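In: sequence-free structure coming up:
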């Protein structure tokens with residue numbers, strides 16, 4: 001299946017009116033220069049031809065190891081980096097369907113009123129020489145939306161929305177904690193009432209308790225302002241909590257994309273299986289042996305032939321070494337880039353919750369019954385086996 005066939009099939013799976021952002025064949029290569037004349041001697045293929053879409057009002061989680069191209073993808077979409085190749089189509093509420101890669105500076109300023117970004121580092125993304133009021137009010141001044149009294153009122157309103165006090169507007173960033181600084185960054189991103197937010201690992205630099213507060217804030221804001229998120233992260237537990245669908249990247253390439261339940265319970269790509277196995281399990285009786293991947297992550301400047309994951313994959317065959325698998329449909333709204341996605345029976349992870357969740361259609365299911373986990377597996381002879389966790393031993397009678 002060619003990339004054009006993948007794009008056509010992907011378009012047929014969703015109503016075009018429901019799509020807010022569509023990415024087609026996006027590439028971002030950084031030149032490697034060497035020698036006395038600084039000539040280009042190679043390319044770092046940070047993003048190497050990815051296709052996906054984001055529907056209105058949903059959260060698409062983008063996950064993968066550090067250096068796989070997640071943040072570069074977000075920055076290229078919003079044109080902080082110019083794409084090497086590909087299309088980024090944004091259905092702007094005011095301008096209609098817009099090709100981001102073709103816009104000039106004037107067009108970018110206009111479309112960015114509906115497309116903003118929350119940066120990863122709450123310390124370096126805020127100017128230490130500006131007060132919080134000036135930081136949040138800067139987008140309003142640049143775009144001529146408000147000034148004077150109306151500007152001060154809007155800044156106070158935004159600070160209240162993100163859980164800070166209006167009098168914080170007169171303070172400088174160094175006076176705030178990491179979680180408070182991230183709230184300031186969120187307030188700045190919301191200043192122009194955007195419809196689409198790119199969240200570039202917004203909680204990775206925060207403590208766990210503060211992470212929960214920021215995640216809850218993002219969910220509340222999504223409901224309140226009808227926002228759409230591209231949520232970039234490497235913490236799969238966080239992505240599971242906030243996302244509707246999840247896309248997995250490996251060395252600049254999209255290897256799997258599916259709704260949360262399908263991807264976490266029934267992965268179709270061996271790399272996804274390895275990622276899911278790395279999620280810490282809070283129940284010691286439910287721990288599984290981690291999937292250890294041999295070798296290192298390939299360099300995006302010199303990726304291997306065929307499937308980029310084949311040097312580390314325990315299921316690799318000869319075809320994997322010579323032919324890169326395209327992203328293809330392997331289930332309802334479930335896409336995977338693996339030659340053997342239909343044959344492999346990969347292991348997902350149990351999801352803690354009160355409702356019954358189906359792990360695979362015919363293999364196993366995990367449910368919660370009065371606080372106890374009950375796992376039903378289909379055995380080789382066709383009979384169902386039900387296992388209940390062992391009760392802890394009672395202390396001896398005195």
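Out: Received the coordinates, thanks. Just so you know, these numbers come straight off a predicted model, no measurement behind them.
In: going forward, measure contacts and count neighbours with C-alpha atoms only.
Out: Will do.
In: what about residue 17, distance to residue 111?
Out: 18 Å (Cα to Cα, to the nearest Å).
In: try residue 305
Out: From residue 305 to residue 111 the distance is 39 Å (Cα to Cα).
In: Give me the buried stretch members for the host helix or strand of residue 24, please.
Out: Here residue 24, judged by DSSP states H and E, is contained in strand 19-34. Neighbour counts over strand 19-34 (16 or more other Cα atoms under 10 Å) mark 19, 20, 21, 22, 23, 24, 25, 26, 27, 28, 29 as buried.
In: Point me to the helix or strand that includes the most centrally placed residue in the chain.
Out: What sits nearest the mean C-alpha location of the chain, by Cα atoms, centre = their mean, is residue 62, with 2.1 Å. Per DSSP H and E: residue 62 is located in strand 59-63.
In: That strand packs against which elements?
Out: When contacts are defined as 3 or more Cα pairs under 8 Å, 6 or more residues apart in numbering; DSSP states H and E, strand 59-63 packs onto strand 228-232, helix 236-242, strand 245-250.
In: The strand holding residue 24 pairs with which strands, and in what direction?
Out: strand 39-55 (antiparallel), strand 85-92 (antiparallel) (DSSP bridges).
In: what does the last one contact?
Out: Put plainly, it is strand 85-92. Strand 85-92 has contacts (Cα atoms under 8 Å, 6 or more residues apart in numbering) with 19-28, 49, 77, 96-101, 111, 114.
In: try the longest one
Out: With Cα under 8 Å, 6+ apart as the test, strand 39-55 has contacts from 7, 10, 18-34, 60, 68-69, 72-73, 86, 228, 230, 251-254, 300-302.
In: Kindly spell out which helices and strands sit in contact with the biggest helix by length in the chain.
Out: Ordering each helix of the chain by length in residues (DSSP state H) puts helix 208-225 first. Packing partners of helix 208-225 (3+ Cα pairs under 8 Å, 6+ apart): helix 178-190.
In: which other helices and strands contact the next helix or strand after the helix it packs on?
Out: Next along the chain after helix 178-190, taking DSSP H and E as the criterion, comes strand 196-200. Strand 196-200 is packed against helix 70-77, strand 115-118, strand 228-232, with contacts defined by 3+ Cα pairs under 8 Å, 6+ apart.
In: Sketch out the low-pLDDT regions of the stretch 51-200 of the chain for me.
Out: By pLDDT under 70, the stretch 51-200 of the chain contains no weakly predicted segment.
In: What distance do you get for residue 41 to residue 72?
Out: From residue 41 to residue 72 the distance is 21 Å (Cα to Cα).
In: starting at the chain centroid, how far to stretch 200-218?
Out: 14 Å (Cα atoms, centre = their mean, to the nearest Å).
In: Over to stretch 128-146?
Out: So, by Cα atoms, centre = their mean, the centroid of stretch 128-146 is 28 Å from its chain's centroid.
In: ok, now stretch 248-256?
Out: 11 Å.
In: same question, stretch 106-123
Out: So, by Cα atoms, centre = their mean, the centroid of stretch 106-123 is 17 Å from its chain's centroid.
In: got the buried residues for that stretch?
Out: Neighbour-count burial for stretch 106-123 [16+ other Cα under 10 Å]: 108, 111-123.
In: swap in stretch 303-318?
Out: Those would be 303, 304, 306, 307, 308, 309, 310, 311, 312, 313, 316, for stretch 303-318 by 16+ other Cα under 10 Å.
In: so the third one, which of the three states?
Out: So that's residue 306. Three-state call for residue 306 (DSSP: H, G, I helix; E, B strand; the rest coil): coil.
In: Got phi/psi on it?
Out: For residue 306, the backbone dihedrals (degrees, to the nearest 10) come out as phi 70, psi -140.
In: Touching, it and residue 322? I think so.
Out: Yes. Between residue 306 and residue 322 there is a contact at 4.2 Å, judged by Cα atoms under 8 Å.
In: per-residue confidence averaged over stretch 228-247?
Out: For stretch 228-247, mean pLDDT is 94.
In: Name the surrounding residues that touch it.
Out: 54-66, 70-71, 74, 195-202, 204, 215, 219, 222, 254-260, 263, 275-276, 279.
In: mind listing what's buried in it?
Out: 228-236, 238-240, 242-247.
In: got it, and stretch 134-144?
Out: Buried residues in stretch 134-144 (16+ other Cα under 10 Å): 134, 135, 136, 137, 138, 139, 140.
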